[in-house]
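# what would the 3D arrangement of this be:
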Amino acid sequence: RYITRHHRWSSPLFVAGESYGTTRASALAERLHNSHGISVNGVILVSTVIDFATIRFNVGHDLPYVCFLPTYAATAHHHGMLSDELQALTPDELYAEAREFALGPYASALMQGTALGELSEAAVVTRMSELTGLSEQFIRRSNLRVSQSRFSKELLRDQGLTVGRFDSRFTGRDLDDAGDSYEYDASYAAIRANFTESFNAYIREELGFESDLSYEILTNVWPWDFGRAGEGRFVNVAERLRQVMHQQPHIRVFNAAGYHDLATPPLGADYAFDHMMLRPELRDNITRKYYYGGHMMYLLEPVLAEMHNDLVEFYRAVPVGSE
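Residues are numbered from 1 along each chain as shown. Alright, predicted model coming up:
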């Protein structure tokens, strides 16, 4: 309706989403094409979750532990909880090292469960402790499986601090230090009022819009009917994105991920992309960018500028018609 009313049928079309908006944007790209004959030129995904199996911690489901581990390492690195040798690495180098361990020895150990031998377990525990800043004792007590909420409470427990979920560089304080998880997300608490006040000031004082309705900066999407994407399984729209990319090979995808995002970790998105089974000639159609920051990596002005430049380059490189 919009492109009809505003005579934009010949214009390039991009769909963008952040967080659970990436779930919607990926599905929308397929829906527009298969239901309405509208082909997008590009899809921009910020802090991506297109396969919820990568972020849901459930008993007997080990994938999230693998996907979150490199972000645990990045968090520990930011807070100075690693050895001098690891602290000397750049964030990119440290993340790459943790990612290699997560996808290799760590994933293999989790797959073996209690069949894992003592010597192999000891080696994994030691390396996991080195990379995450957690004690070997805590890792053993967790059966090598540390959930996000436990990590956020445990990493800086001795300092009486918790680390944020949206951005693990932020810290908070709970009532006491004995809990299994944090009371609140320190990163959300730090920015929520800024967004609310800025938005309301803009629409009321600059745009002259008046309403007694409350601005929902973040609200619970409940109940959210996922339809066929979530029937009897974790929600997964990666296959819908693959379908439309195979049908329309000109489509490009831009993925932005923050090293300190404990809500939708970068490796979770990478795992989803790498298991879409895109044809080899289309795999480079996905541009992956990693930033020093969290779920909203653009909060820091230098990162915002970097992300802006990356997107401008992406827009310029995307074909404006079918190939």
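# go ahead and confirm residue 165 touches residue 264.
No: at 10.1 Å, residue 165 and residue 264 do not qualify as touching, with contact defined as CB atoms under 8 Å. Yep, even glycine has a C-beta here, placed from its N, CA and C like the rest.
# and the two? Which one has more around it.
Relative neighbour count places residue 264 above the other of residue 165 and residue 264, with 28 against 22, counting by other CB atoms under 10 Å.
# still on that earlier bit, so what sits against both of residue 165 and residue 264?
Residues touching both residue 165 and residue 264 (CB atoms under 8 Å, 6 or more residues apart in numbering): residue 295.
# and the strands in the protein?
Using DSSP state E, the strands found in the chain span residues 14-19, 42-48, 162-163, 171-172, 252-258, 286-291.
# output the first one as CSV - backbone C-alpha positions only.
Once non-C-alpha atoms are left out, strand 14-19 reads as follows in CSV (Å, rounded to 0.1, in the frame of the first residue of the first chain):
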residue,chain,number,x,y,z
PHE,A,14,15.2,-2.8,1.9
VAL,A,15,13.8,-4.4,5.0
ALA,A,16,15.4,-3.9,8.3
GLY,A,17,14.9,-5.4,11.8
GLU,A,18,16.6,-5.5,15.2
SER,A,19,16.4,-8.3,17.7
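# let me know the pLDDT of the residue sitting nearest the centre point of the chain.
What sits nearest the mean C-alpha location of the chain, by CA atoms, centre = their mean, is residue 264, with 2.6 Å. Per-residue confidence (pLDDT) for residue 264: 98.
# right, and it touches residue 56 too?
No: if you go by CB under 8 Å, residue 264 and residue 56 don't touch, sitting 11.6 Å apart.
# what's the burial count for the nearest residue to residue 41 once chain neighbours are set aside?
Excluding the flanking residues, the one nearest residue 41 by CB to CB, 6 or more residues apart in numbering is residue 12, at 4.6 Å. Using other CB under 10 Å, residue 12 has 13 other residues around it.
# so who does residue 12 touch?
Taking CB under 8 Å, 6+ apart as the test, what residue 12 contacts is 41-42, 318, 320.
# can you pull the phi/psi pair for it?
Main-chain torsions, residue 12, degrees, to the nearest 10: phi -60, psi 150.
# gap between it and residue 124?
48 Å (CB to CB, to the nearest Å).
# pLDDT (mean, whole number) over stretch 42-58?
97.
# quick one: mean pLDDT over stretch 149-166.
Rounded mean pLDDT across stretch 149-166 is 98.
# what is the end-to-end distance of it?
12 Å (CA to CA, to the nearest Å).
# kindly report the same for stretch 36-53.
With CA to CA applied, stretch 36-53 spans 29 Å between its terminal residues.
# what's the local residue count around the closest residue in space to residue 267 that isn't next to it in sequence?
Nearest non-adjacent residue to residue 267, counting by CB to CB, 6+ apart: residue 67, 4.5 Å away. If you count neighbours by other CB under 10 Å, residue 67 ends up with 26.
# wait, doesn't residue 67 sit right on residue 56?
No: taking contacts as CB under 8 Å, residue 67 lies outside contact range of residue 56: 10.4 Å.
# run through the protein and note the low-pLDDT ranges.
321-323 (pLDDT under 70).
# tell me the buried residues in stretch 228-242?
Buried residues in stretch 228-242, counted by 16 or more other CB atoms under 10 Å: 229, 234-242.
# same deal with stretch 36-45?
Going by 16+ other CB under 10 Å, stretch 36-45 has these buried residues: 39-45.
# and for stretch 291-304?
291-300, 303.
# quick one: it to chain centroid distance?
Computed by CA atoms, centre = their mean, to the nearest Å, the chain-centroid distance of stretch 291-304 equals 13 Å.
# pull it out as PDB, backbone CA atoms only.
The C-alpha coordinates for stretch 291-304 follow below in PDB (Å, rounded to 0.1, in the frame of the first residue of the first chain):
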ATOM      1  CA  TYR A 291      31.300  -4.500  16.500                       C
ATOM      2  CA  TYR A 292      32.700  -3.600  20.000                       C
ATOM      3  CA  GLY A 293      29.400  -3.300  21.800                       C
ATOM      4  CA  GLY A 294      26.200  -5.100  22.800                       C
ATOM      5  CA  HIS A 295      22.700  -5.700  21.500                       C
ATOM      6  CA  MET A 296      22.500  -2.000  20.600                       C
ATOM      7  CA  MET A 297      26.100  -1.600  19.500                       C
ATOM      8  CA  TYR A 298      25.400   1.900  18.000                       C
ATOM      9  CA  LEU A 299      25.000   3.400  21.500                       C
ATOM     10  CA  LEU A 300      28.700   4.500  21.300                       C
ATOM     11  CA  GLU A 301      29.200   7.200  18.700                       C
ATOM     12  CA  PRO A 302      32.400   5.700  17.200                       C
ATOM     13  CA  VAL A 303      30.600   2.400  16.700                       C
ATOM     14  CA  LEU A 304      27.600   4.200  15.300                       C
END
